[in-house]
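Participant: Here's my sequence, what's the structure:
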Amino acid sequence: MKLSDRVLNRTLLARQHLLARSALSATDMCSHLVGLQAQDVPPPYVGLWSRTVDFDPAAVSAGLRDRSLVRITLMRATIHLVTAADALRIAPHIQPELEKIPFRKGFNAGAMVGLDPAEVRRRGEAALGDEPIPAAELRVLAAREFPDRNPSAVLQTWLYQLPVLQTPPRGLWRNNARPVWSRIESWLGAPPDDRYPLPELVIRYLTAFGPATAGDIATWSKLTGVAEVIAALDDRVRTYTDERGRTLYDRADAELADPDLPAPVRYLGWYDNVFLSHKDRGRIIPAGVAAPPAQYRGTQVSPILLDGMVAAVYKIFTDRERARLRIVPHRIWSAAERSTVEAEGAALLGFLEPDLSPSIEILTPEADVKI
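Facilitator: The predicted model follows:
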């Protein structure tokens with residue numbers, strides 16, 4: 001069965017809860033999505049607000065404090081907001097790939113080449129200890145242990161080599177504090193669980209992002225041997241083809257979305273896995289449009305979905321009195337399109353900056369988003 005790009009678009013949006021907001025809790029949504037990318041603090045909050053009904057950011061802060069949610073380096077060697085259970089069971093699959101990164105010639109211009117990985121790891125374990133430690137303190141220890149190497153490169157190597165996570169206050173609502181790191185076992189009271197089957201992780205990916213090619217799964221996870229994992233799924237998956245004749249895999253019991261379903265305007269963060277988890281992003285990003293996260297004339301911007309596709313970028317500027325939402329569309333919009341974008345934008349400002357006077361400016365295509 002051949003699937004159109006439109007079917008793939010609506011199916012992705014439905015599975016991402018971007019067609020209609022869900023009543024899932026923040027924790028359950030993190031579990032369903034297999035985490036939200038979270039290098040910076042605001043994006044996962046915006047992502048959850050766009051996906052859930054009456055989202056309360058305090059729920060995420062509470063989860064980080066009670067350790068039911070954590071910020072940890074996982075897929076694509078990037079920080080993800082995930083449940084504690086997923087941190088413990090996904091890390092063993094990702095960790096071997098992370099540990100390879102620092103000793104490649106392309107890592108920090110070969111800063112770690114020539115060192116014994118086991119010795120670097122041993123010193124990193126001693127530096128991290130059993131209590132959370134700020135990144136700045138780790139960098140000082142890195143400089144002491146390897147005085148002839150770039151301390152930032154040594155620090156990053158330790159963070160790749162050892163299963164670690166970021167602890168609060170970084171990641172709390174409106175808190176962009178500098179990172180503090182902890183060993184997983186010390187923070188969660190349990191070691192990483194290597195019994196979690198990799199095929200289950202692939203099934204969960206398909207639940208949230210499918211149908212998808214083997215290349216899409218590899219792009220999302222950066223794991224190798226994806227084809228073998230898919231083969232092991234046997235009758236738990238079914239296959240389709242896309243408009244370009246590529247094989248797509250999906251859960252055998254998963255439903256496809258009606259391509260005629262309306263797709264509401266959605267504002268998302270500059271890092272959102274809906275844009276980053278496929279090798280071919282054509283199901284959600286039109287040809288010729290830069291893939292988020294994007295720099296627009298040197299300014300970090302975030303994407304807006306209109307009719308299910310990336311149709312604009314936006315940035316919010318604040319001062320003591322105002323919150324100004326500036327939007328640069330990729331084409332001229334109709335009056336109806338402008339109205340729906342403005343309405344959702346007003347709601348976003350009410351969520352992010354409730355104490356400031358809001359204003360919304362829709363600029364012309366190719367305009368400078370900066371004030």
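Participant: For this protein, which strand extends over the most residues?
Facilitator: strand 309-318 (DSSP state E).
Participant: Report the distance from that one to the chain centre.
Facilitator: From the chain centre to the centre of strand 309-318 is a distance of 18 Å (CA atoms, centre = their mean, to the nearest Å).
Participant: Repeat that for stretch 364-371.
Facilitator: That offset, for stretch 364-371, works out to 26 Å (CA atoms, centre = their mean).
Participant: What mean pLDDT does that stretch get?
Facilitator: What stretch 364-371 shows for mean pLDDT is 89.
Participant: Enumerate the positions of that stretch that are buried.
Facilitator: Val369 (16 or more other CB atoms under 10 Å). No exception for glycine: its C-beta is placed from N, CA and C like everyone else's.
Participant: before we move on, the earlier item: which other helices and strands contact the longest strand of the chain?
Facilitator: Strand 309-318 is packed against strand 299-306, strand 322-329, helix 335-352, with contacts defined by 3 or more CB pairs under 8 Å, 6 or more residues apart in numbering; DSSP states H and E.
Participant: what's in contact with the helix or strand hosting Thr27?
Facilitator: Element membership for Thr27, per DSSP states H and E: helix 26-32. Defining contact as CB atoms under 8 Å, 6 or more residues apart in numbering, one finds that helix 26-32 is touched by 17, 22, 24, 36, 48, 51-52, 55-56, 59-60, 63, 68-69, 81-83, 85-86, 207-208.
Participant: Please look at Ala153 and Met112 and confirm they touch.
Facilitator: Yes - with contacts counted by CB atoms under 8 Å, Ala153 reaches Met112, the gap being 6.0 Å.
Participant: So which bits of the helix holding Thr27 are buried?
Facilitator: Here helix 26-32 shows Ala26, Thr27, Met29, Cys30, Ser31, His32 as buried, counting by 16+ other CB under 10 Å.
Participant: Give me the distance between the third one and Thr167.
Facilitator: I take that to be Met29. 22 Å (CB to CB, to the nearest Å).
Participant: what's Pro358 sitting at in phi/psi?
Facilitator: phi -90, psi 150 (degrees, to the nearest 10).
Participant: show me the contacts for Thr213.
Facilitator: Asp242, Arg246, Thr247, Leu248, Tyr249, His278, Lys279, Asp280.
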